[in-house]
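Provide a 3D model corresponding to the input given below.
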Amino acid sequence: MARYTRIKGFADMFPPQSDNFTRMENCARDIFGRYGFVELRTPLMEFTELFQRSIGEETDVVQKEMYTFPDRKGRSLTLRPEATAGVMRAYIESGLNSREAVSRLFTTGPMFRYERPQKGRMRQFHQINCECLGSQSPLADAELIIMLMRFLSALGLKDLGLKLNSLGCAECRPGFKEALLEYLRGVDRNALCPDCARRVDSNPLRVLDCKQPGCRALTDNAPKLLDYNCPECKAHFETVLEMLRAEDLPLELDHRLVRGLDYYCRTTFEVVSGSIGAQSAVAGGGRYDGLIKSLGGPDVPGVGFACGMERLALLLGGDAEKRPDFYLLGMDEAGRAQAFALAQKLRAAGLRGEMNFSAGGFKSLMRQAGKSGARFCLIIGPDEAAQSNVTIKHLDSGEQRSMPQADAILYLQAGTAND
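Modelled structure (predicted):
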């Protein structure tokens, strides 16, 4: 028989990791719901052209990292490498803009990119995305960033930094791009990494956010976007900063923080952690007022962000798996019948646990109870079954007592609350 293994870059998740993902998703639903965001679920697969248009054909994602294949009719399909494109497609296709002035949407789920797996970065990875569509106001930018920081704070994350920049708009950014190109013409291309040498012609803004030390040193004196913002863009960004400072958020202006596609504009931001090594970004986003129009939709502004859930999980750490409250032992057929009925009542009362389904020696069954990690072992042997009693043993302290089965619920609820 062949031995089947998981695909490289794809992970199985058992507790406590799967518990951490559930915790993140539930926290997102709670915090985002307070701001009026509703959950949208989009397909894992879209027509390839959607990503080529939204992400850009010159990007590494489209050129190197997408899982793309033809279907039986020869149409090119792609597993989604990010969520925003699918959200925009759904927004346009549903005509949501005609039903509400501002749409607040969030999504969670797996994305797919073919790249070298490493800590916090897998070929199947997971994101939490938020998109606020329909408002040009800087208040929308500030509120989205504040919501993101409150979400991360609600998860208990610390040692986080917020970086911001303003990309300008269609009126002022061309002047910056020309100044940047003039600067890059004076840089020795052979000293740049291969990606940046190519980007000088195809996507010069991306040269600024290269992480290679040599490229960063060569661009230390490059022009800064903020110096080229027009008065309207400066006023927009100042309002965003004012709102964030009023919330006492620690922030840093980062002139290297860019988005390489033309529909991105004005506010861009990133949240970084000092606790997970070189791949320090855990969330990022910005304003993209031209994206929906570029995909054939109405001219509707937007701002959004994405969080990498694997990165967040690294910050959450290996939280201990939540212990079961009980393990029920039925020592014979009559005891197992009563144990089965009692287990259903305990679960209906909100307690967590399991029972044995087959016979075994007392020592063997107690070992099973110990391996389960439960707080309490509940034993129904022949004597207990005859009197509708149950013996309850606290597996940490060894304390043991017998009582009517009808009293077990209150006893366990009190005991688990104290633990």
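
for the rest of this, base every contact and every neighbour count on C-alpha atoms.
Fine.

tell me, how many residues neighbour the residue nearest to residue 176 when sequence neighbours are not counted?
The shortest distance from residue 176 to any residue other than its chain neighbours is 5.8 Å, reached at residue 228 (C-alpha to C-alpha, 6 or more residues apart in numbering). One way to gauge burial is a neighbour count; for residue 228, by other C-alpha atoms under 10 Å, it gives 21.

CA atoms only for stretch 344-353, dumped as PDB, please.
This file holds the C-alpha atoms of stretch 344-353, laid out as PDB (Å, rounded to 0.1, in the frame of the first residue of the first chain):
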ATOM      1  CA  GLN A 344     -25.500  13.800  27.400                       C
ATOM      2  CA  LYS A 345     -26.800  15.700  30.400                       C
ATOM      3  CA  LEU A 346     -23.400  17.100  31.300                       C
ATOM      4  CA  ARG A 347     -22.800  18.300  27.700                       C
ATOM      5  CA  ALA A 348     -26.200  19.900  27.500                       C
ATOM      6  CA  ALA A 349     -25.200  21.800  30.700                       C
ATOM      7  CA  GLY A 350     -22.200  23.200  28.900                       C
ATOM      8  CA  LEU A 351     -19.500  20.800  30.100                       C
ATOM      9  CA  ARG A 352     -16.900  19.100  27.800                       C
ATOM     10  CA  GLY A 353     -15.900  15.500  27.900                       C
END
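
buried sites along that stretch?
Using 16 or more other C-alpha atoms under 10 Å as the burial criterion, the residues of stretch 344-353 that qualify are 346, 351, 352, 353.

closest to residue 107 out of those residues?
Residue 107 lies nearest to residue 352 out of the buried residues of stretch 344-353, by C-alpha to C-alpha, at 29.6 Å.

gap between that closest one and residue 75?
Taking C-alpha to C-alpha, to the nearest Å as the measure, residue 352 and residue 75 are separated by 48 Å.

could you pull up the residues touching the residue nearest to residue 122 when sequence neighbours are not counted?
Of all residues not flanking residue 122 in the chain, residue 9 sits nearest, at 4.9 Å (C-alpha to C-alpha, 6+ apart). The neighbours of residue 9, taking C-alpha atoms under 8 Å, 6 or more residues apart in numbering as the test, are 116, 117, 122, 123, 124.

rerun at 10 Å
Shown in contact with residue 9 (C-alpha atoms under 10 Å, 6 or more residues apart in numbering): 112, 113, 114, 115, 116, 117, 118, 121, 122, 123, 124, 125.

and the two most separated of the residues you listed?
Spatially, the most separated pair among the contacts of residue 9 is 112 and 118, at 14.2 Å (C-alpha to C-alpha).

look at those two and report which has more neighbours.
Higher neighbour count among residue 112 and residue 118: residue 112, with 22 against 10, using other C-alpha under 10 Å.

list the contacts of that one.
Taking C-alpha under 10 Å, 6+ apart, one finds 9-10, 44-45, 65-67, 78-82, 122-126 in contact with residue 112.

partners of it in the sheet?
Residue 112 forms beta bridges with residue 124, as assigned by DSSP bridges.

can you show me the strands along the stretch 51-200 of the chain?
Counting by DSSP state E, counting those that start in this stretch, the stretch 51-200 of the chain forms strands over residues 67-70, 76-79, 103-112, 124-133, 160-166, given from the N-terminal end onward.
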